[in-house]
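A.B. asks: Kindly return the folded structure for what I paste below:
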Amino acid sequence: MAHIQLPEGLPGIRGPMAFSPETTKPLNLLVDQLLWSPDNTLSRGERELIATYVSSENDCQYCQAIHGAIASHCLGDDDWNLVRQVKDNPETAPISGNMKALLAIAGSVQKGGKHVSTDQIERAKTLGVTDKEIHDTVLIAAAFCMFNRYVDGLGTWMPDDPAMFRQRAALVAEHGYSAANPTPAFIPTPV
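C.D. replies: Coordinates of the predicted model:
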């Protein structure tokens with residue numbers, strides 16, 4: 001049960017977004033820019049994988065499920081094996097060296113920004129990772145720490161049906177976050 005009165009039937013971040021439409025638009029614009037902007041050399045699936053990994057490290061069940069579903073959808077990982085392997089151990093997952101280096105950086109950001117080491121940055125750059133990719137990885141990781149705490153800090157609920165996550169993944173993949181999570185005209189009733 002949520003810690004505050006949220007609209008019925010909206011799991012995870014969708015409930016708080018409906019509760020606070022004035023913050024929904026900027027949050028959706030941020031996530032659209034971070035995860036869906038075409039001006040990025042990291043694919044949408046790779047950026048969603050970063051969000052999924054950070055959410056997993058934060059133990060945010062909803063965010064790792066929904067972003068894992070979106071990453072799987074974008075990467076053609078229909079059985080979600082790749083996402084599971086990345087969450088278990090990115091260093092042994094069948095992903096590029098660049099993604100392994102970026103996920104190591106994201107994992108350090110999840111612990112705290114000062115945990116990112118010069119060695120991690122040098123490893124990434126040696127592999128050809130760009131400054132923009134490092135920047136975006138750090139920002140995605142930091143933003144998802146905020147999103148994870150938003151979802152879990154309000155005690156939102158999570159559906160049991162994996163089909164819901166697949167359906168949302170297809171919707172977000174087709175339209176992006178702003179269109180998939182429009183600002184509703186929800187006004188909570190006073191308690």
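A.B. asks: Distance check, L154 against C63.
C.D. replies: 13 Å (C-beta to C-beta, to the nearest Å). Using the backbone N, CA and C atoms, a C-beta is placed for each residue, glycine as well.
A.B. asks: Pick out whichever of those two has more residues nearby.
C.D. replies: Higher neighbour count among L154 and C63: C63, with 24 against 16, using other C-beta atoms under 10 Å.
A.B. asks: give the contact list for that one.
C.D. replies: C63 sits next to 12-13, 51-52, 55, 144, 147-148, 151 when contact means C-beta atoms under 8 Å, 6 or more residues apart in numbering.
A.B. asks: Nearest residue to it in space, ignoring adjacent ones along the chain?
C.D. replies: Excluding the flanking residues, the one nearest C63 by C-beta to C-beta, 6 or more residues apart in numbering is S55, at 3.7 Å.
A.B. asks: Hmm, that neighbour is touching M146, no?
C.D. replies: No - the criterion here is C-beta atoms under 8 Å, and S55 misses it with M146 at 11.2 Å.
A.B. asks: SS state for T41?
C.D. replies: Recorded secondary structure, T41: coil (DSSP: H, G, I helix; E, B strand; the rest coil).
A.B. asks: any idea of the pLDDT on it?
C.D. replies: According to the prediction, T41 has pLDDT 95.
A.B. asks: residue ranges for the strands of the chain, please.
C.D. replies: Per DSSP state E, the chain carries no strands over any range.
A.B. asks: Report the central residue of it.
C.D. replies: A51 (3.2 Å; C-alpha atoms, centre = their mean).
A.B. asks: what's near enough to touch L102?
C.D. replies: By C-beta under 8 Å, 6+ apart, L102 lies in contact with 42, 46, 50, 124, 129, 133-134, 137.
A.B. asks: wait, N28 sits on V172?
C.D. replies: No - between N28 and V172 there is no contact under C-beta under 8 Å: 10.6 Å.
A.B. asks: Which one's more surrounded, those two?
C.D. replies: V172 (26 against 20).
A.B. asks: Could you check how far that one is from E22?
C.D. replies: The spacing between V172 and E22, counted by C-beta to C-beta, is 22 Å.
A.B. asks: Distance of the residue nearest to C63 relative to Q120?
C.D. replies: Counting by C-beta to C-beta, the gap from S55 to Q120 is 20 Å.
A.B. asks: T126: neighbour count?
C.D. replies: The number of residues packed around T126, counting by other C-beta under 10 Å, is 10.
A.B. asks: before we move on, the earlier item: verify the stated contact: the residue nearest to the centre of the chain with L42.
C.D. replies: No - A51 is beyond contact range of L42, at 11.4 Å (criterion: C-beta under 8 Å).
A.B. asks: any idea how far the lowest-mean-pLDDT helix or strand in the chain is from the chain center?
C.D. replies: Lowest on mean pLDDT, DSSP states H and E among the helices and strands of the chain sits helix 162-180, with a mean of 82. On the basis of C-alpha atoms, centre = their mean, to the nearest Å, helix 162-180 sits 13 Å off its chain's mean C-alpha point.
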